[in-house]
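Engineer: Build me a model:
(one chain, ligands or ions: 1)
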Amino acid sequence: MIVSREQAERADAQDPLRALRGAFDLPPGVIYLDGNSLGPPPRQALERLRRTADHEWKGGLIRSWNGHDGGERWIDLASRCGAKIAPLIGADAGDVIVCDSVSVNLFKLAAALISAGGRRALWIEEGEFPTDGYILDGLSRLTGAPLSRLEPGTDLSHAAGGVLVKSLAHYKTAAVADMAAHERNAQAHDAAIIWDLSHGAGVLDINVKAAGAKYAIGCGYKYMNGGPGAPAFIYVDGAVANHLDQPISGWMGHADPFAFGRDYAPASGVARFAAGTPQILSLSALDAALDIFRGVEMAALEQKARALGDLFIVRAREAGLSPIAVNGRRGGHVSIPHPNGYSIVQALIAKGVIGDFRAPDLMRFGFSPLFLSYAEVWESGDVLRAIMETEQWRADEYAQAGPVT
Ligand SMILES: Cc1ncc(COP(=O)(O)O)c(C=O)c1O
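Structural biologist: Reported below is the predicted structural model:
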């Protein structure tokens, strides 16, 4: 266990991932504990954005859809990004595509399972990330399929024949579900699980295939560092994708979009889940950001994230706080309940330690293992302790809430 700054520095010197820090363009004087919400910019993503804008957009113009003068070929960027995400979640390269947002991808996937998949009901556990519930609610209103809430840990016999949406890593507690056990339970009751991997992909060692998971969605802007509003991914097992019809049957999910045929014919596999024109600027940044993962073991990332989080928990307790304890596997973030959590996070940000706040009372800190050092986490503990001991967070300026927390 690390109990001093010197030991933290020694852990950094021995960290096999330490060289990756240089791949990120982080502002000086900032300890960034929010890579679980918005990953910081990889240098190669910033460089790629410039190249895409100047060389491909400005120079290549519309020719860049087919690739022009050494530039990227835009038309298949969504599937190429998907192929880079696939090994991070244990999927086959052709079973992942990048498009739209998590919310929209969830709608398409859940709707496909309800309509073509013949499923009869929608289920979600209490306390899941709100958009997942909102989307299912909208789908329920549209289709008449009932939406019900399950207490976490409930046996899936209740959801027999239905569709359950479940986070792998919970956005508040960071508790990680046992994917394989849930899949066994679901399959025993003929339920289908759509996994929300938003807080797991890019930080946890995930193997959807080994766990028997067939459907998943997840964020590109968190641990994958694809940039603000980066498009999301969608995974559908290749063995079942062709049996699903998704309702946003746009031309980019068509088998032959440039034949301009009158009738819709879905593309083969997960490609049918694309809908409209891909967001090339965002995809370009994500594509470059994903290259950071090349040659990196996901198990090593998960292990470092855990160790950084463990260190922060110890330091937060020294500051008199009580982080949420997770029995078993934990994701890349740590949450601490406090009635004045918003003000404390603002005071931390003013001192250069950036975390976030989730209403009603959770301070949340992410430990992205690609760029954070043990020494920084140690340091953030000192800052937290000083703020708690001096009660600096009580200053009026730290009570002003912006629209995004
Ligand atoms: C678990 C989870 N699901 C879904 C979303 C929403 O994703 P999007 O904004 O891409 O729809 C988030 C965003 O933070 C999230 O944390």
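
Engineer: In the stretch 1-150 of the chain, what residue spans correspond to strands?
Structural biologist: Ranges of strands within the stretch 1-150 of the chain are 31-32, 96-98, 122-125, 147-150, based on DSSP state E, counting those that start in this stretch.

Engineer: okay if I get those as a markdown table plus mean pLDDT, distance to the ligand and mean neighbour count?
Structural biologist: Any C-beta I mention is one placed from the backbone N, CA and C, and that applies to glycine too. As requested, the strands of the stretch 1-150 of the chain are exported to a markdown table (pLDDT from 0 to 100; distance: least, CB to the nearest ligand atom, whole Å; neighbours: other CB atoms under 10 Å):
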| stretch | mean pLDDT | distance to the ligand | mean neighbour count |
| --- | --- | --- | --- |
| strand 31-32 | 98 | 17 | 22 |
| strand 96-98 | 98 | 11 | 30 |
| strand 122-125 | 97 | 11 | 23 |
| strand 147-150 | 96 | 16 | 16 |
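
Engineer: among these, which is nearest Pro403?
Structural biologist: Within those, the stretch nearest Pro403 is strand 31-32; the backing value is 21.1 Å (CB to CB).

Engineer: re earlier: export the strands of the stretch 1-150 of the chain to CSV and tack on distance to Tyr374?
Structural biologist: Formatted as CSV, the strands of the stretch 1-150 of the chain follow (distance: least, CB to CB, whole Å):
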stretch, distance to Tyr374
strand 31-32, 12
strand 96-98, 32
strand 122-125, 34
strand 147-150, 39
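
Engineer: so who does the residue nearest to Ile248 when sequence neighbours are not counted touch?
Structural biologist: Distance criterion CB to CB, 6 or more residues apart in numbering; nearest residue to Ile248, sequence neighbours excluded, is Ala275 at 4.3 Å. Ala275 makes contacts with Cys99, Asp100, Val104, Lys108, Ile248, Ser249, Gly250, Met252, Gly253, as judged by CB atoms under 8 Å, 6 or more residues apart in numbering.

Engineer: Now do Ala275 against the ligand, distance only.
Structural biologist: Look at Ala275 and the ligand: by CB to the nearest ligand atom, to the nearest Å, they are 14 Å apart.

Engineer: got it, and Pro403?
Structural biologist: 15 Å.

Engineer: what's the answer for Gly276, then?
Structural biologist: Distance, Gly276 to the ligand, using CB to the nearest ligand atom: 16 Å.

Engineer: Could you give the number of residues near Gly328?
Structural biologist: The tally of other residues near Gly328 (other CB atoms under 10 Å) stands at 8.

Engineer: from what I can see it touches Ala177, true?
Structural biologist: No: at 9.6 Å, Gly328 and Ala177 do not qualify as touching, with contact defined as CB atoms under 8 Å.

Engineer: what residue ranges in the stretch 151-300 of the chain are flagged as low confidence?
Structural biologist: For the stretch 151-300 of the chain, no stretch is flagged by pLDDT under 70.

Engineer: the helices in it, which residues?
Structural biologist: Secondary structure of the stretch 151-300 of the chain by DSSP state H, counting those that start in this stretch: the helices cover 179-188, 208-211, 238-241, 280-290, 298-318.

Engineer: Quick check: residues of the stretch 101-250 of the chain near the ligand?
Structural biologist: Applying CB under 6 Å from any ligand atom, we find that the stretch 101-250 of the chain lies next to the ligand at 101-103, 129, 131-132, 167, 171, 196, 198-199, 219, 232.

Engineer: in this protein, what residue sits furthest out from the centroid?
Structural biologist: Arg262 (36.6 Å; CA atoms, centre = their mean).

Engineer: Switch the helices of the stretch 151-300 of the chain over to TSV, and while doing so, append mean neighbour count to every line.
Structural biologist: What follows is these, written out as TSV (neighbours: other CB atoms under 10 Å):
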stretch	mean neighbour count
helix 179-188	17
helix 208-211	18
helix 238-241	17
helix 280-290	24
helix 298-318	19
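
Engineer: and the ones you listed as JSON lines, adding distance to Arg48?
Structural biologist: Shown next, in JSON lines, are the helices of the stretch 151-300 of the chain (distance: least, CB to CB, whole Å):
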{"stretch": "helix 179-188", "distance to Arg48": "32"}
{"stretch": "helix 208-211", "distance to Arg48": "28"}
{"stretch": "helix 238-241", "distance to Arg48": "29"}
{"stretch": "helix 280-290", "distance to Arg48": "4"}
{"stretch": "helix 298-318", "distance to Arg48": "22"}
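
Engineer: Quick one: closest of those to Ala112.
Structural biologist: Across the helices of the stretch 151-300 of the chain, closest to Ala112 is helix 238-241 (CB to CB), at 9.3 Å.

Engineer: who's in contact with the closest one?
Structural biologist: Asp92, Gly94, Asp95, Lys214, Ser268, Gly269, Val270, Arg272.

Engineer: Please report how far the residue in the stretch 201-350 of the chain that the ligand sits nearest to lies from Glu72.
Structural biologist: Relative to the ligand, the nearest point of the stretch 201-350 of the chain is Ala232 (4.8 Å; CB to the nearest ligand atom). Distance, Ala232 to Glu72, by CB to CB, to the nearest Å: 20 Å.

Engineer: These two: which has the busier surroundings?
Structural biologist: Comparing Ala232 with Glu72 by other CB under 10 Å, the one with more neighbours is Ala232, at 26 against 22.

Engineer: Contacts for stretch 72-79 next, please.
Structural biologist: Taking CB under 8 Å, 6+ apart as the rule, stretch 72-79 contacts 52, 56, 64-67, 94, 97-99, 231, 252, 271, 274, 278, 280, 283-284, 287.

Engineer: Thanks a lot, see you next time.
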